[in-house]
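# give me coordinates for this.
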Amino acid sequence: MPNSPSDEQRINAIRFLAVDAVQKANSGHPGMPMGAAAMAYTLWTRHLRFNPKDPHWLNRDRFVLSAGHGSMLLYALLYLTGYDVTLDDIEHFRQLGSKTPGHPEAERTPGVEATTGPLGQGVGNSVGLAIAEAHLAAVNNREDQSIVDHFTYCICGDGDLMEGISQEALSLAGHLKLGKLIVFYDDNRVSLAGPTDITLTDDPIARFDASGWHTQLVPIDKGNDVATIDQAIEVAKNVTDRPSFIAVRTHIGYGSPRQDNFLAHGEALGPENVRKSKEELGWPLEPDFYVPDDVLAFYQQIGEKGAELESRWRETYDVWKRENPQLAASLERALRQELPSDLPWPTFDAENGNVATRDAGGSVMNAIAMSLPELVGGSADLDPSTKTYLKNCGDFSPGNYSGRNIHYGVREHAMAACTNGIALHGGLLPFAATFFNFLDYLKPALRLGCLTGIHSIYVFTHDSVFLGEDGPTHQPVEQLATLRATPNCYVVRPADSLETLEAWKLVLAGKGAPWALVLTRQKVPFLGARDAAVSRGAYILSEADGGNPDLLLIATGSEVSLAVDAKKILQDKGVRVRVVSMPCWELFDAQPQSYKDDVLPPSITARMSIEAGATLGWAKYVGDRGFAFGIDHFGTSAPGADVARSFGFTPENVANVALEKFALATR
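Presented below is the predicted three-dimensional model:
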């Protein structure tokens, strides 16, 4: 049975808002919104639970457009259903300062749940959102009161499924049996450069079947059929023991002269093709951005129903809150991203503090875990090595979604995308852990977290060449520079157990950015009881004896103790040395100039940084006359102590380099 005329008109309103916006901008992707409009229309008007007047309603369904190049599909729906996205915003698609940027940005546009565009990321985000829903439901729901009970929907395209992250994510979701996750595949058989069969001939249904998903296919003759798509969604919603995948065969650029042609993918149709498309689908040629009054009224009514849904939910929530006051207080505090005032922080001293910073980090996490129930996460099959397993907190797994340890397996890319999704959901503070060298596998997702301003925590261990025998394939040298070059990313490399404790206090309290803790595999000495001012990014750890310093030694992480030992040698030679610990560049750069000048006096130009990694960026702190001592080459396989000697990271060599570079007079 064909769609009703009213359904066709409402679907065409989506299509031509997208076509006109892309045409006016002379930039964008019209084909996907034209082909997927019926699918999105059916979901948004018949199934999706949302309230445009409260985009952050906890129990709303989540919708992620992983095929973010089709952003006008989403923007059209946001405008039509009554979000704070106006027709003027639609008309200013892809323009400076607009709420309608080229790809969806969660931090910019109300109603956008995840920042997408780099393909495959939204699929991973959706898995994270579904994990968050399952965990919060298991922890908070009671038999007669479901406080968290929503679906996560995602529309992806062929590019999403070609990117490797999608396989990681769908494999994890299938393993976890996330029954409230439903992914649509806009299967239009066309990519940007041509038909997909020039690169893609696998069977997506078989692929998802093999990964434990429930699958359905909407054939090509039903790709625009509202009733068929509606039925497929209904079936998927009733499958509770597996995530669901619905492949919908569509026509890219539907109704246009470029239908089923790759030219509809990544460029405006052109004025003549816009005219022909409107004529083909019976849409008025003028004015541009036209939406019939009855169509707009229909969509706005759909949006207004969301307020009723939320109101009924709030009635249930209020009863639940009265009956579970402590649980409610904990959930609401977590949603506000506030920490408990009395976290049981551990203490470190000369007796227990001579440990690897990864061990210190694990001690901190487990000391506070029971008092911080929103802290959830896991590692890429490495928790025995990263020391990030939360003891007595259970494993997140089918049948036990209340567990807080997520076993991601060797899936770093999906782990980071899921971490973004968990954070975007709200109510949880996610962490992810792996060896620092494997930052390369997850950097794209971490970058999007920085762009979005997500509060998440990354624990990177085995932080330098001193991990030893695993060799250069596992020894990070450029990763610190990579992270420090990423905007809105706070990188903390603590020197000992005390700095690690202070770092954890910061990363838990930080908002609006991912934080990266960079920790050692090897033991490092406790550097003494002190005011370890990690919050200021750098501080004077050891002052020069006998007057103003002749030399500043600036170090991070395990190299701080090396600087302290080198100072002793130089001091015996009559050189006055100040040792500065600089665990976080970003925090130090944010300090008042007066503080920065106190720590690194401009008058002292003999400055040497010491860090077992690339020297890129250190010029900012050592100055034109200073010297950055580091490793601008790959490492080698040998015991850590042998690597240190081979690369000159010994107190004697550091002292000799300083004397040579600065021609310091000895006394």
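# neighbours of K596, how many?
By the criterion of other CB atoms under 10 Å, K596 has 18 neighbours. Heads up, the C-betas are built off the backbone N, CA and C, glycines and all.
# repeat for the one 3 residues further on
Neighbour count for V599, taken as other CB under 10 Å: 21.
# quickly find the element holding the closest residue to Q479 other than its chain neighbours.
Spatial nearest neighbour of Q479, excluding adjacent residues (CB to CB, 6 or more residues apart in numbering): L439 at 4.8 Å. Assigned by DSSP states H and E, L439 belongs to helix 439-452.
# and if you look at D230?
Using DSSP H and E, D230 maps to helix 226-237.
# what does the helix or strand just after that helix contact?
Going down the chain from helix 226-237, the next helix or strand is strand 244-249, by DSSP H and E. Strand 244-249 has contacts (CB atoms under 8 Å, 6 or more residues apart in numbering) with 36, 39, 170, 179, 181-189, 204-205, 208, 213-220, 222-223, 229, 232-233, 235-237.
# A533 touches L541, doesn't it?
No: assessed by CB atoms under 8 Å, A533 is found out of contact with L541, at 9.5 Å.
# show me where the stretch 451-600 of the chain has its strands.
For the stretch 451-600 of the chain, strands defined by DSSP state E, counting those that start in this stretch occupy the ranges 456-461, 490-492, 514-518, 539-542, 551-555, 577-581.
# A533 and L541: who's more crowded?
L541 (25 against 20).
# identify the bridge partners of the residue nearest to the more buried one when sequence neighbours are not counted.
Leaving aside its sequence neighbours, L541 sits nearest to S581 (CB to CB, 6+ apart; 4.4 Å). Assessed by DSSP bridges, S581 has beta-bridge partners Y539, A555.
# my guess is S581 contacts A555, does it?
Yes: judged on CB under 8 Å, S581 makes contact with A555 at a distance of 6.6 Å.
# those two - which one has more neighbours?
S581 (31 against 27).
# let me see the contact set for that one.
S581 sits next to A495, E499, L527, A532, A538, Y539, L541, A555, T556, V560 when contact means CB under 8 Å, 6+ apart.
# want to throw those into TSV with distance to G270 and pLDDT?
Putting the contacts of S581 into TSV (distance: CB to CB, whole Å; pLDDT from 0 to 100) gives the following:
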residue	distance to G270	pLDDT
A495	61	98
E499	60	98
L527	67	98
A532	63	97
A538	56	98
Y539	61	98
L541	65	98
A555	60	98
T556	55	98
V560	62	98
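# by neighbour count, which of those residues wins?
A495 (31 neighbours).
# wouldn't that residue be in contact with F526 here?
No: look at A495 against F526 with CB under 8 Å: they stay out of range, at 9.8 Å.
# show the contacting residues for T388.
Neighbours of T388 in contact, by CB under 8 Å, 6+ apart: G361, G362, M365, G377, G378, S379, F431, A433, V459.
# give me the distance between the fourth one and T482.
Distance, G377 to T482, using CB to CB, to the nearest Å: 22 Å.
# mind checking which of the strands of the stretch 451-600 of the chain is nearest P118?
The closest of these to P118 is strand 514-518. By CB to CB, the value is 15.9 Å.
# which strands and helices sit next to the closest one?
Where contact means 3 or more CB pairs under 8 Å, 6 or more residues apart in numbering; DSSP states H and E, strand 514-518 is packed against helix 439-452, strand 456-461, helix 479-484, strand 490-492, helix 497-509.
# partners of the shortest one in the sheet?
Strand pairing for strand 490-492, determined by DSSP bridges: strand 514-518 (parallel).
# with the second one instead?
Paired neighbours of strand 456-461 in the sheet (DSSP bridges): strand 429-435 (parallel), strand 514-518 (parallel).
# mean pLDDT and mean neighbour count for the ones you listed - can I get that in CSV?
CSV is the format used below for these (pLDDT from 0 to 100; neighbours: other CB atoms under 10 Å):
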stretch, mean pLDDT, mean neighbour count
strand 429-435, 98, 26
strand 514-518, 98, 28
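# adding distance to G102, write these out as TSV.
TSV is the format used below for these (distance: least, CB to CB, whole Å):
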stretch	distance to G102
strand 429-435	27
strand 514-518	23
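# for the ones you listed, which one sits closest to D88?
strand 514-518 (33.2 Å).
# contacts made by that closest one with the rest, please.
Residues contacting strand 514-518 (CB under 8 Å, 6+ apart): 361, 436, 446, 449-450, 454-460, 463, 480, 483, 488-494, 500, 503-504, 506-507, 557.
# distance from the chain centre to that strand, please.
Relative to its chain's centre, strand 514-518 lies at 12 Å (CA atoms, centre = their mean, to the nearest Å).
# that strand to helix 497-509, inter-axis angle?
Angle of strand 514-518 versus helix 497-509, following axes from the mean of the first three to the mean of the last three CA atoms, to 10 degrees, is 170 degrees.
# spit out the contact partners of the residue lying closest to A334 once chain neighbours are set aside.
Using CB to CB, 6+ apart and skipping the chain neighbours, the partner closest in space to A334 is E374 (4.0 Å). Contacts for E374 (CB under 8 Å, 6+ apart) come out as S330, A334, G427, L428, L429.
# can you do 7 Å?
Contact analysis of E374 by CB atoms under 7 Å, 6 or more residues apart in numbering lists A334, G427, L428, L429.
# mind picking the two most distant members of those?
Pairwise over those, using CB to CB, the maximum falls at G427 and L429, 8.9 Å.
# what's the pLDDT at Q301?
The model reports Q301 with a pLDDT of 97.
# how close does it sit to R312?
Taking CB to CB, one finds Q301 at 17 Å from R312.
# same thing with W320?
Distance from W320 to R312, by CB to CB: 13 Å.
# ok, then the element right after the helix or strand bottoming out on mean pLDDT in the chain?
Taking mean pLDDT, DSSP states H and E as the measure, strand 194-195 is the helix or strand of the chain with the lowest mean score, a mean of 88. Counting by DSSP H and E, the next helix or strand C-terminal to strand 194-195 is helix 204-210.
# which is the next helix or strand following that following helix?
In N-to-C order, the element after helix 204-210 by DSSP H and E is strand 214-218.
# could you give the angle of that next one to strand 244-249?
20 degrees.
# how distant is strand 214-218 from the center of its chain?
29 Å.
# same deal with stretch 307-322?
On CA atoms, centre = their mean, the centre of stretch 307-322 falls 30 Å from the chain's centre.
# now do the end-to-end distance for stretch 498-517.
Stretch 498-517 has its terminal residues 14 Å apart, counting by CA to CA, to the nearest Å.
# quick revisit: any idea of the pLDDT on the residue nearest to A334?
We note a pLDDT of 98 for E374 in this prediction.
# next one: phi and psi at it?
phi -80, psi -10 (degrees, to the nearest 10).
# any figure for the gap between it and R411?
Relative to R411, E374 is positioned 23 Å away (CB to CB).
# same check on A612?
Distance from A612 to R411, counting by CB to CB: 28 Å.
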